[in-house]
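S.K.: Sequence first, predicted model second:
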Amino acid sequence: MLRVVLVIFIAGTLWSCYPEGPDYYDDYDIVYTNYDNNYVLRNKGGKLALAAKVLDPASGRVLEVLTTEPGVQLYTANWFDGSLTGKCGKPHLSHSAFCLETQHYPDSMNHPGFPNVILRPGEKYNSQTIWKFSTE
């Protein structure tokens, strides 16, 4: 079972994956939920900023994700069925992992109000994401 505390910094507020609401900070069983959502980050200026923080309370391991991207996709391995094996022969089971993908919003090119994702010939695209690991 994967137990984590996950806080994503979106739209000027802290949003956390808790049924109790955005300001409730406690453990949350990510294994009982199916996330495949893109979150709009509060970082509007394209500057490197904290996008998400994940804490494993059992070990104290921490992952902080900083990015210049306007969004982050949270995916919780919803369709892993154990048919694939990972290191040490352990099966990949549903909700046994999660992914935080920094990116623009889905379907951005069809929404004029979303940040531009079209790169024209001769234009350059720069993006930065930092995955910071530590312990608490």
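M.R.: Yep, that arrived.

S.K.: can we go C-alpha only for contacts and neighbour counts from here?
M.R.: OK.

S.K.: Look up phi and psi at the most centrally placed residue in the chain.
M.R.: In the chain, the C-alpha nearest the mean C-alpha coordinate belongs to Leu100, at 3.0 Å (C-alpha atoms, centre = their mean). Backbone torsions of Leu100, given as degrees, to the nearest 10, read phi -120, psi 110.

S.K.: Mind listing the residues bridging to it?
M.R.: Applying DSSP bridges to Leu100 gives these bridge partners: Leu74.

S.K.: What about Thr85, how many residues nearby?
M.R.: Using other C-alpha atoms under 10 Å, Thr85 is surrounded by 11 other residues.

S.K.: is it true that it touches Pro91?
M.R.: Yes - using C-alpha atoms under 8 Å, Thr85 makes contact with Pro91 at a distance of 4.1 Å.

S.K.: Enumerate every residue touching the residue nearest to the centre of the chain.
M.R.: Val72, Gln73, Leu74, Tyr75 (C-alpha atoms under 8 Å, 6 or more residues apart in numbering).

S.K.: what's the spacing between it and Val72?
M.R.: According to C-alpha to C-alpha, to the nearest Å, Leu100 and Val72 sit 6 Å apart.

S.K.: ditto for Thr135
M.R.: 23 Å.

S.K.: And the two? Which one has more around it.
M.R.: Val72 (25 against 11).

S.K.: in the protein, which spans are helices?
M.R.: Assigned by DSSP state H, the chain shows no helices.

S.K.: Pass me the low-pLDDT residue ranges in it, would you?
M.R.: The chain contains residues with pLDDT under 70 at 1-33.
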